[in-house]
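Asker: prediction below, plus the sequence it came from.
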Amino acid sequence: MLLLWVLLATVTGGLIAVFVASWLAYKVFAHYLHHMVSLSVGVLLSVALLHLLPEAFESGVADAHVLFGLMLASLIGFFVLEKIALLRHSHHHEGDGHHHHHGHDRHEAGRGGVLILIGSSLHNLCDGVLVAAAFLTDPLLGVLTAASIIVHEVPHKLGDFVVLLNAGLARRRAFALILFTSLCSALGGIIGYFVLQQAQDWVPYVLVVAASSFLYISVADLMPQMHERVSLADAVPQLLLVGVGVALIYSVTTLMHHGHDHEADAGHGAARTEHMHTH
């Protein structure tokens, strides 16, 4: 049953991200992307710092020094992957305000098209493993992880659409290729489920990698995009939307903690009852 939830979350998440990105690419790309980026920052930071990392460190399976070392290695690793254009790609597109000769941007996009698809496939495969790890820890945590991945994947897939279209691909072909890369998350979910099911001790480490990816994307990718808008009229909505993302995840965190407390109380109550019956 849990595997079904993992598949449902990864497949549905991929479809939602692709369809929303497609709609934005063809309809309202220029108007609402920056709002989505601000909300993404609040959601990603909160999920990483209020959910994934506490779950990893409270598991008691791994030493804290080892987990912090893994976080450091993960952040450096994501930087290296970015440098070799496997994790992310340039959002450069025709008519973006850079004064190159006509067709320059299309040429650059064509050169990077294959790397975009490879990088997106690998990234989504890893996302699927992370979703599986979160579900194995707590189903609600799995849902939150899948939702946060959707939020940050929409702007990235939106950039994929722009670059592939500039590379000369027809809309339908670009859509089909990006959809394929998104569904790689389902494959990652299956792999993660069966591997982590046999090795629960790995889950805290995978959760730390997940948190590191969210932190890196927020700080290295999304926040610099927010800083490109320097007016007060842009800064106020940005702060409000970041706050909305934090408040949303904090509220769910509180509910989760209450749920865990009730389960613990029920367990203690059952233990006391059994103790009284034995005496």
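Answerer: That came through, no problem. Nothing here was measured: the structure is a model prediction, and the numbers come from that model.
Asker: for L75, give me its contacts.
Answerer: By Cβ atoms under 8 Å, 6 or more residues apart in numbering, the contact set of L75 is S212, L215, Y216. Bear in mind the C-beta positions are built from the backbone N, C-alpha and C, glycine included.
Asker: burial count for the second one?
Answerer: L215 is surrounded by 21 other residues when neighbours are defined as other Cβ atoms under 10 Å.
Asker: do the same with the first one
Answerer: The local packing of S212 (other Cβ under 10 Å) involves 22 other residues.
Asker: just checking, it touches F78?
Answerer: Yes - S212 is within contact range of F78, at 6.8 Å (criterion: Cβ atoms under 8 Å).
Asker: contacting residues around stretch 17-27?
Answerer: 32-33, 36, 149-150, 153-155, 157-158, 160-162, 165, 171, 175, 178-179, 182.
Asker: among these, which ones are buried?
Answerer: The neighbour-count test (16 or more other Cβ atoms under 10 Å) applied to these identifies 33, 36, 149-150, 153-155, 157-158, 160-162, 165, 175, 178-179, 182 as buried.
Asker: looking at the contacts of stretch 17-27, which are in helices?
Answerer: Counting by DSSP state H, the contacts of stretch 17-27 place 32-33, 36, 149-150, 153-155, 157-158, 160-162, 165, 171, 175, 178-179, 182 in helices.
Asker: A132 versus E55, what's the distance?
Answerer: Note on E55: its distance to A132, by Cβ to Cβ, to the nearest Å, is 14 Å.
Asker: between those two, who's got more neighbours?
Answerer: Between E55 and A132, A132 has the larger neighbour count (other Cβ under 10 Å), namely 32 against 21.
Asker: in the helix or strand harbouring V18, what counts as buried?
Answerer: With secondary structure defined by DSSP states H and E, V18 is part of helix 2-23. Within helix 2-23, the residues that qualify as buried are 5-7, 9-11, 13-14, 16-18, 20-22, counting by 16+ other Cβ under 10 Å.
Asker: compute the inter-axis angle for the strand or helix carrying C184 and helix 2-23.
Answerer: Assigned by DSSP H and E, C184 belongs to helix 171-198. Using axes from the mean of the first three to the mean of the last three Cα atoms, to 10 degrees, the inter-axis angle of helix 171-198 relative to helix 2-23 is 160 degrees.
Asker: can you offset everything so residue one is 803?
Answerer: In the new count, where the first residue is 803, that last one comes out as helix 973-1000.
Asker: next structured bit after helix 973-1000?
Answerer: Next element after helix 973-1000 (DSSP H and E): helix 1005-1018.
Asker: no further queries at this time; thank you.
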